[in-house]
Each structure stands twice: as C-alpha cells, then as structure tokens.
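**Student:** can you look at this prediction? I've put the sequence above it.
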Amino acid sequence: MSETHTSRPTRVAVVGAGPAGVYASDILAKAQKKRDLRFSIDLFDRYPAPFGLIRYGVAPDHPRIKGIIKALHKVMDRGDVRLFGNVDIGSDLSIDDLRAHYDAVVFATGAVKDVEMDLPGVELEGSFGAADFVSWYDGHPDYPREWPLEAEQVAVIGNGNVALDVARVLSKQPEDLLATEIPDNVYQGLAASPVKDVHIFGRRGPAQVKFTPLELRELSHSEDVDIVLYEEDFDFDEASDEAIKSNNQIKTMVNTLANWLVEQEERTEEASRRLHLHFLHQPVEIIEGQDSGGQGTGKVAGIRFERMELDGSGNVRGTGEYQDYPVQAVYRAIGYFGSEIAGIPFDAKRGVVRNEAGRVLDEDGRHVPGTYATGWIKRGPVGLIGHTKGDALETMDCLISDIDRLPLAEHPEEGAILELLDSRGVEYTTWEGWLKLDEHELALGEAASESGQVQRERVKVVPRADMVRVSRAQP
Ligand code: NAP
C-alpha cells in the first residue's frame, strides 16, 4: 500500500519558537483531538532558548507581557510538540532538508531587524537602531554585550511602543530595572549612563501616535524622571478631532498627554532625568560633530528637524522651519522589518514572506505546496502579541484544508531528523534542555537576591555557548 497521510501522522516543521510558532503548533496539536487528524510537530529555533520576541523583544520591565511565556510554556510542556533550539535554518538545515523530512513547513520567523531609514548622518557613531538596543538589554545571544551609553542627551525617533520602550529603559533609574531579568552587564551599563534628557520625536501630532494607552501611561511611573511636553505641539486638525471623538484609545492618550502638560506647570521639584515628548517633528539630518580644526568627528552631535503642521487629514506638511537639538545619541524606532529566508518567496518591500492567508505564494501567485507562514513574517510587524493567535488560526486552517494535497516527505520518521542533526554535529537543544536552563537562570536570580538588596526574578544566561552547555548538560 502506498503511504498516505492517513497511514501515518502528518509531519510538520514550524520554524520559529516565538509566540507565532508556539500558537501554530498548539492549534495543530489540538486539532487532532477534535478531528480525525494526526500530526507530528517539530518546532525549530535558531536560539538555544524558546519564546522568541517575548524573551528577546519585550522590555524587561513589562512583566505582564513577559507573563505570556507561562501560557507558551504550558503548551510546550504537554509534550506533543518537540523543540529543536540552536538550529539555524539556512546553515544547519536547508529548506530542502526540511522538505525531505516534513510534509509541511510553517515559517514563523517574525521581524527582528530595524527598518532602514534614509536619513543623512544615519551612519554616524552614536546612531542606533532600536531593535539592536532592545536585543542588547534583553540579553540576545547574538549581540555584543557592550553598549555605548555615553550620551547625556538622547533622541528617540518614532511614536510607537518600541520608541516608548527604548526611551523608558534609557531614562529609568537603573535600580528600578534590577528587579527584572536583565543580565548583569546590562545593569552595569545602565548604571554608568550619564543620561539626563531623553527626547521622543513624532513626525505627526498627539492624535496620530501609534502608542497604546497603557504603555503611554506607564512613562509616568518611572521614579525621579519628569515628563516634559510642549504646548505648541498640541495642534489638532479636523482628522484629529474626528479620531479623538471616534477612537477611545486615541481619546485616552490625548487626555493623558494633555493632563501631563497641565501637571508639569504645578511641579515644584525637579527630577534628575527628563523624558521629553515632541510632536510634529520630521527628522531631516543627524548632525556630525566637528573637532577644533573643523574636521568631522564621525560622531553624532545633534539632530535637525523640520517643524510640521497637520494638513486636515491627519497627515503633515513641512513648514520650512527647522530646529536643531544637541544630542550625542539617536535611536531610530520607526518599525521592524522581516528577514528573507533563502529559497522562500519574499516581498522585499513589505519585509514579509509572500502569502495569501498564510499559504506561501510563488512569483506567479501559486501556492508553494506544503509551505506556510504565520505571525509577523506573514503580516508585517504590526499588532500586539494577542493578534498573532488569530493569525495562526487562519494559517493552520489553510494547512488542515490542504492536508490531502501536501507533498509527502521522503523521510517522515521522527528519528530521521535527529540522525541528520547528529550527523552534522549540530548541538541542538530540546524542551528538557530549556527546563534546565530555566531552572539555572531562576537559581542565579535567587543567589543574586540573597547577596544583594533587590529581589531578582532571574538572571539571564547570555553567551550562546553557555546557554547550550547548560541546556545540554547531562545529569
Ligand atoms: P509602529 O507602531 O509602527 O510605530 C512606528 C513609528 O515610527 C510611528 O510613529 C511612525 O510614524 C514612525 N515613523 C515611521 N517612519 C518614520 C520616519 N521615516 N520618520 C519618522 N518617524 C517615522 O512600530 P513599533 O513601535 O516598532 O512597534 C511595532 C509593533 O509592536 C506595534 O504593533 C507595537 O504596538 C508593538 N509593540 C508593543 C509593545 C507593548 O509594550 N505592548 C512594545 C513594543 C512593540 P507614522 O505613524 O507617521 O508613520
């Protein structure tokens, strides 16, 4: 009898163990209980630890969002999805290897790079992508452990939640971050920072921000940090009035900002750090410093903006007025961008895998058999983590309805992929390995709490080699 998907479980590889990949795996694993389906699911990640963006993208002082790890942990702990960490698809395993071992491959690789910004001076020393900074403070294994925090005045470009994260971490008193899971070197770096003023610049108005209300309000919870606003930035056009009337989130945020503007007048004491929120500022150039001989230093010395005005539709136009701010560092938080996966059709303009409802499409718009995408690499880096669930449902519905058309894998046995990884000397990590690393990090946190004054939840292990060693340690 020839092999079919009904004579054996359908083998599925999910690439990316962040929320998108875990949700997709969970949906498939649960679908087999409700319908007459059988799946055997392997979840791959290039990092030795699972949970992607939650471990390496969410700010350390966001325990509520970090808490999503508990739900993901529960899914993985059931034992019906195998985890292979520290496996890079592209170098350790090729797309052809995946096709040979799985009937379907789901890409959930997210968007982890900064979108490129075409701004004169962007290459200067002291100009940083927000995603890189986030990776540093979240202890990403592939990022250098040192970060130059030498600026007293800092500009953050963008009015999204990433700009808020970066500005909050930069301006917060470091002791307030010590209770979180930040690695020791991140605490040391932040503790040595001489920062006094962090300026967030939005190119549109207060009613056009991309923040969310909770995250915006949180700015005012930092100890010894004053929020500073500018009355001339509170300009509202017809579209702004309409947005305030019809959108509760916008209304709440505009109210929050307007209250802060009033409250700052009543302030009697000055904090040691300030967090400024500017609107209607379009960046035009990062300004290079000059030495005493008039030569460029190659370093950031300021940033120039054009003053914008609202045009009635919620968009902006230039006024021809320019303003310079002396800053020694610029962080660009203008959005993330997905990375191309070799051999998988990619929309280089949007930074997503080309797809329709999660089915990956070739250049002619035909479904590449057995190939799917979910999460930010499917729809782009927008929306909160919760939206990723709905996204995974749509993609997995497609996979399930295609089940009889999936191309059959040549080596569907569960042991075949292990043999291949072993034969290539890939030091993969597993769920059991993560449990060991998790326990180890919690124990480091406990030890640090006993020797210090602050209760530390966990201390993240950072170098990749150490993560792999702890995860693969034999009892
Ligand atoms: P985002 O929400 O898309 O915000 C990007 C910001 O950059 C916008 O204000 C945009 O302005 C601005 N921008 C874009 N190009 C620009 C340019 N050339 N010059 C100046 N400004 C420019 O992106 P994000 O902040 O990276 O966030 C990505 C997603 O992750 C969002 O859905 C966010 O809510 C989510 N997230 C959530 C949290 C949380 O704590 N809940 C934390 C981090 C991220 P325009 O609006 O004018 O285009």
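**Tutor:** Everything's here; your move.
**Student:** and the pLDDT at the closest residue to the ligand within the stretch 51-200 of the chain?
**Tutor:** Here the residue of the stretch 51-200 of the chain nearest the ligand is Gly160; by Cβ to the nearest ligand atom that distance is 2.2 Å. For the C-beta atoms, the positions are set from N, CA and C on the backbone; glycine is no exception. We have a pLDDT of 97 for Gly160.
**Student:** same check, this time on Gly452
**Tutor:** Per-residue pLDDT puts Gly452 at 80.
**Student:** same check, this time on Val195
**Tutor:** We note a pLDDT of 98 for Val195 in this prediction.
**Student:** what's the burial count for it?
**Tutor:** 20 (other Cβ atoms under 10 Å).
**Student:** show me where the stretch 351-475 of the chain has strands.
**Tutor:** 352-353, 355-356, 359-361, 367-373 (DSSP state E, counting those that start in this stretch).
**Student:** reformat the ones you listed as CSV; add distance to Thr319.
**Tutor:** Listed next are those as CSV, based on distance: least, Cβ to Cβ, whole Å:
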stretch, distance to Thr319
strand 352-353, 35
strand 355-356, 41
strand 359-361, 44
strand 367-373, 42
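**Student:** now mean neighbour count, distance to Ile334 and mean pLDDT too, for these, in TSV please.
**Tutor:** Below are those laid out as TSV (neighbours: other Cβ atoms under 10 Å; distance: least, Cβ to Cβ, whole Å; pLDDT from 0 to 100):
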stretch	mean neighbour count	distance to Ile334	mean pLDDT
strand 352-353	23	17	97
strand 355-356	18	24	98
strand 359-361	21	27	98
strand 367-373	22	24	98
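**Student:** what residue lies at the spatial centre of this structure?
**Tutor:** When Cα atoms, centre = their mean is applied to the chain, the residue found nearest the centroid is Gly57 (3.7 Å).
**Student:** how near is that one to Val198?
**Tutor:** For Gly57, the distance to Val198 (Cβ to Cβ, to the nearest Å) stands at 20 Å.
**Student:** again with Leu124
**Tutor:** 18 Å.
**Student:** do Gly205 as well
**Tutor:** As for Gly205, its distance to Val198 is 20 Å (criterion: Cβ to Cβ).
**Student:** so Ala155 sits in a helix?
**Tutor:** No: applying DSSP: H, G, I helix; E, B strand; the rest coil, one finds Ala155 to be strand, outside a helix.
**Student:** so what's the residue count around it?
**Tutor:** When neighbours are counted by other Cβ under 10 Å, Ala155 registers 29.
**Student:** just grab the bridge partners of it for me.
**Tutor:** His199, Val330 (DSSP bridges).
**Student:** quick one, what contacts it?
**Tutor:** Ala155 is in contact with His199, Phe201, Ile303, Tyr325, Val327, Ala329, Val330, Tyr331, counting by Cβ atoms under 8 Å, 6 or more residues apart in numbering.
**Student:** let's see that with 7 Å instead.
**Tutor:** Residues near Ala155 by Cβ atoms under 7 Å, 6 or more residues apart in numbering: His199, Phe201, Ile303, Tyr325, Val327, Val330.
**Student:** excluding its backbone neighbours, what's nearest the second one?
**Tutor:** Of all residues not flanking Phe201 in the chain, His281 sits nearest, at 4.4 Å (Cβ to Cβ, 6 or more residues apart in numbering).
**Student:** and that neighbour, what are its bridge partners?
**Tutor:** Bridge pairing for His281 - DSSP bridges - gives Arg307.
**Student:** helix/strand/coil for the spatially closest residue to Val462 that is not a sequence neighbour?
**Tutor:** Nearest residue to Val462, sequence neighbours excluded (Cβ to Cβ, 6+ apart): Gly139, at 4.6 Å. What three-state DSSP gives for Gly139 is coil.
**Student:** state the distance from Gly139 to Glu441.
**Tutor:** Relative to Glu441, Gly139 is positioned 10 Å away (Cβ to Cβ).
**Student:** these two: who's more crowded?
**Tutor:** The neighbour comparison of Gly139 against Glu441 (other Cβ under 10 Å) goes to Gly139, with 25 against 21.
**Student:** ok, the residue nearest to Phe201 - contacts?
**Tutor:** For His281, the contact set (Cβ under 7 Å, 6+ apart) comprises Phe201, Gly202, Arg203, Phe305, Met308.
**Student:** out of those residues, which are close to the ligand?
**Tutor:** Gly202, Arg203 (Cβ under 6 Å from any ligand atom).
**Student:** turn the contacts of His281 into a markdown table, columns for neighbour count, secondary structure and pLDDT.
**Tutor:** Formatted as a markdown table, the contacts of His281 follow (neighbours: other Cβ atoms under 10 Å; DSSP: H, G, I helix; E, B strand; the rest coil; pLDDT from 0 to 100):
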| residue | neighbour count | secondary structure | pLDDT |
| --- | --- | --- | --- |
| Phe201 | 23 | strand | 98 |
| Gly202 | 25 | coil | 98 |
| Arg203 | 20 | coil | 98 |
| Phe305 | 21 | strand | 98 |
| Met308 | 21 | strand | 98 |
